[in-house]
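Chemist: coords please:
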Amino acid sequence: MIGEDYKTSTAYAFRVPLRDSAGALQTGQSPTVAVYLPDNSADGSPPSLTELGTTGVYRFSYTPATAGCYTFVVTAASCLTVVFSIQVRATERGDTYTRVGAPAGASIAADIAALPTDADVQTAAGAALTSYDPPTHAELTSGLAGLNDLSSVEAQAAAA
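Modeler: Numbering: from 1, shown residues only. Sure, this is the predicted structure:
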């Protein structure tokens with residue numbers, strides 16, 4: 001149930017363990033389930049539950065008709081009440097293309113194949129380093145000279 005992507009008009013099977021206040025599974029019970037619809041009204045025809053063997057775990061199926069939050073309340077004599085909710089969508093969330101966008105090329109494989117290889121990246125980096133024209137020592141010294149001629153008094157005045 002957890003993480004399930006529920007959608008309308010699809011039957012789902014739910015399994016619910018019934019326990020007493022000490023935590024022991026309870027077999028041979030006749031539990032009932034109340035189903036609360038997205039508009040907070042109770043479903044007039046709730047499903048019946050059957051026990052899986054003699055395990056204390058009970059099963060029921062339900063088909064949500066509309067989108068929204070459904071709440072299930074399972075009760076039985078001498079057992080703790082089990083309450084859980086599911087969020088139902090009118091449509092599926094969509095395929096991967098809908099979620100992350102269609103591929104730019106003919107397919108995702110084609111997009112991946114079009115990505116630069118390690119060799120392509122190394123070639124581009126090498127070309128960038130080759131075309132880089134760093135300053136000469138004289139140019140660097142001249143450029144830094146204008147930054148280093150402040151006295152401490154001038155630096156403090158500029159900072160104030």
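Chemist: residue 66 and residue 41 touch, don't they?
Modeler: No. Taking contacts as Cβ atoms under 8 Å, residue 66 lies outside contact range of residue 41: 11.3 Å. C-betas here are computed from N, CA, C, even on glycine.
Chemist: neighbour-wise, which of these two wins?
Modeler: More neighbours surround residue 66 than the other of residue 66 and residue 41, with 12 against 9 (other Cβ atoms under 10 Å).
Chemist: list the residues that contact the residue lying closest to residue 59 once chain neighbours are set aside.
Modeler: Spatial nearest neighbour of residue 59, chain neighbours left out: residue 15 (5.2 Å); criterion: Cβ to Cβ, 6 or more residues apart in numbering. Listed by Cβ atoms under 8 Å, 6 or more residues apart in numbering, the contact partners of residue 15 are 52, 57-59.
Chemist: now the buried members of these.
Modeler: residue 58 (16 or more other Cβ atoms under 10 Å).
Chemist: among the contacts of residue 15, name the ones in strands.
Modeler: 57-59 (DSSP state E).
Chemist: before we move on, the earlier item: could you dump the contacts of residue 15 to JSON lines with distance to residue 115?
Modeler: Output for the contacts of residue 15, formatted as JSON lines (distance: Cβ to Cβ, whole Å):
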{"residue": "52", "distance to residue 115": "50"}
{"residue": "57", "distance to residue 115": "49"}
{"residue": "58", "distance to residue 115": "52"}
{"residue": "59", "distance to residue 115": "49"}
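Chemist: dump the contacts of residue 15 to TSV, plus pLDDT.
Modeler: Shown next, in TSV, are these (pLDDT from 0 to 100):
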residue	pLDDT
52	96
57	97
58	98
59	97
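Chemist: looking at the contacts of residue 15, which one is closest to residue 9?
Modeler: Distance to residue 9 across those (Cβ to Cβ) is lowest for residue 59, with 20.5 Å.
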